[in-house]
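Peer 1: Have a look at this prediction, sequence included:
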Amino acid sequence: MNAPTDLISDTLARILADKYAEVRERSAETPLAEMERKARDAGPTRDFTGALCDAVAEGRVGLIAEIKRASPSGGLIRDPFDPAELAKAYEAAGAACLSVLTDGPWFQGSAEDLAAARAACRLPVLRKDFMVDPWQVFEARAMGADCILLILAALSDEQAHELEDIARSLDMSVLAEVHDRRELDRALGLETRLIGVNNRNLKTLVTDLSVSDELVPLIPADRIPVSESGIRTPEDVRRICRDGARCLLVGEHLLRQPDVTAAASALIHAIPG
Ligand SMILES: O=C(O)c1ccccc1NCC(=O)[C@H](O)[C@H](O)COP(=O)(O)O
């Protein structure tokens with residue numbers, strides 16, 4: 001689905017400008033020390049990286065199934081929208097983990113969506129948001145997230161390492177997301193084993209699975225590649241498996257199906273023999 005042409009003007013930059021303003025405002029309302037206390041009182045995490053490894057070891061795709069109401073590229077994707085219902089449907093399909101959008105202005109997501117999804121199942125949950133500040137990492141744990149996303153295109157190396165260190169101190173996993181070779185080299189300087197390859201160009205919103213064809217084979221064997229975006233069919237899954245990945249992050253295709261469980265299961269079990 002092609003985004004409206006007025007959005008194709010570095011969407012990521014526009015989202016990040018909004019995000020910095022949002023964090024300034026919200027961190028003034030809830031100071032860092034208070035948010036850190038909430039994070040440290042939030043209870044134990046669920047093992048996000050371990051859940052992916054377990055699925056792959058059992059011969060399934062390690063599916064990170066995404067829950068989002070809308071997106072810049074897809075517009076309104078699912079309505080009515082029930083995060084708890086979707087979480088249960090993905091768990092029934094055999095998904096390894098969830099990804100829940102918490103950005104409001106561009107995705108109509110919320111912390112409440114993440115909490116509702118996590119409470120409805122036993123799956124570990126990625127907070128899908130644009131992380132740029134330590135306050136957000138503590139906020140992620142406080143809302144119940146088990147993993148955060150670090151988009152290398154949005155961060156300096158210093159920022160990425162600082163946010164990763166905080167996430168690890170809170171026993172959260174980190175998905176480091178890249179879209180080109182330079183970002184991949186930078187991501188390999190982080191500790192996390194999870195390397196996300198986003199097939200979507202977050203500036204132009206163009207999605208192309210050839211990004212995974214190029215980058216996944218370059219990821220060292222001690223890391224865990226995760227192909228993200230634009231994945232729709234079992235053949236897409238087999239193509240990405242041929243690249244060398246067994247973990248996928250899929251949202252829009254699943255969310256547009258009447259039977260989410262069946263759609264997710266078809267991708268989970270598409271691994272070539
Ligand atoms: O999806 C967008 O339009 C978008 C725009 C700008 C920044 C991020 C964006 N999406 C985040 C993602 O990459 C996807 O939510 C995720 O990879 C799932 O992709 P899909 O299966 O194509 O919904």
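Peer 2: The structure has been received and is ready for your questions. Numbering: from 1, shown residues only.
Peer 1: Every contact and neighbour count from this point should use C-alpha atoms.
Peer 2: Will do.
Peer 1: show me where pLDDT drops low in the chain?
Peer 2: Regions of the chain meeting the criterion pLDDT under 70 cover residues 1-9, 273.
Peer 1: So which residues on it come close to the ligand?
Peer 2: In this structure, the chain approaches the ligand at residues 11-12, 71-74, 202, 205, 228-231, 249-252, judged by C-alpha under 6 Å from any ligand atom.
Peer 1: ok, those residues vs Ser110, which is closest?
Peer 2: Checking these against Ser110 by C-alpha to C-alpha gives Ser71 as the nearest, at 13.1 Å.
Peer 1: Which parts of the chain are helices?
Peer 2: The residue ranges that make up the helices of the chain, judged by DSSP state H, are 11-29, 32-40, 48-57, 83-93, 111-119, 134-143, 157-169, 181-187, 210-215, 234-243, 252-255, 260-268.
Peer 1: So what angle separates the directions of the fourth one and helix 260-268?
Peer 2: Regarding helix 83-93 and helix 260-268, their directions subtend 40 degrees when assessed with axes from the mean of the first three to the mean of the last three C-alpha atoms, to 10 degrees.
Peer 1: mind listing what's buried in helix 83-93?
Peer 2: The neighbour-count criterion (16 or more other C-alpha atoms under 10 Å) identifies Pro83, Ala84, Leu86, Ala87, Lys88, Ala89, Tyr90, Glu91, Ala93 as the buried residues of helix 83-93.
Peer 1: what does that helix contact?
Peer 2: Residues external to helix 83-93 that are found in contact with it (C-alpha atoms under 8 Å, 6 or more residues apart in numbering): 65, 67, 98, 113-114, 116-123, 260-262, 264-265, 268.
Peer 1: wait, doesn't Ser71 sit right on Pro105?
Peer 2: No: here Ser71 lies out of contact with Pro105, judged by C-alpha atoms under 8 Å, at a distance of 9.6 Å.
Peer 1: So for the two, which sits in the more crowded spot?
Peer 2: Ser71 (18 against 14; other C-alpha atoms under 10 Å).
Peer 1: quick one: that one from Asp103, how far?
Peer 2: With the distance defined as C-alpha to C-alpha, to the nearest Å, Ser71 ends up 10 Å from Asp103.
Peer 1: ditto for Gln136
Peer 2: When C-alpha to C-alpha is applied, the distance between Gln136 and Asp103 equals 11 Å.
Peer 1: As a markdown table, the helices of the chain with distance to Ala221 would be great.
Peer 2: Formatted as a markdown table, the entries for these read as follows, by distance: least, C-alpha to C-alpha, whole Å:
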| stretch | distance to Ala221 |
| --- | --- |
| helix 11-29 | 30 |
| helix 32-40 | 33 |
| helix 48-57 | 13 |
| helix 83-93 | 28 |
| helix 111-119 | 31 |
| helix 134-143 | 28 |
| helix 157-169 | 21 |
| helix 181-187 | 14 |
| helix 210-215 | 13 |
| helix 234-243 | 13 |
| helix 252-255 | 29 |
| helix 260-268 | 22 |
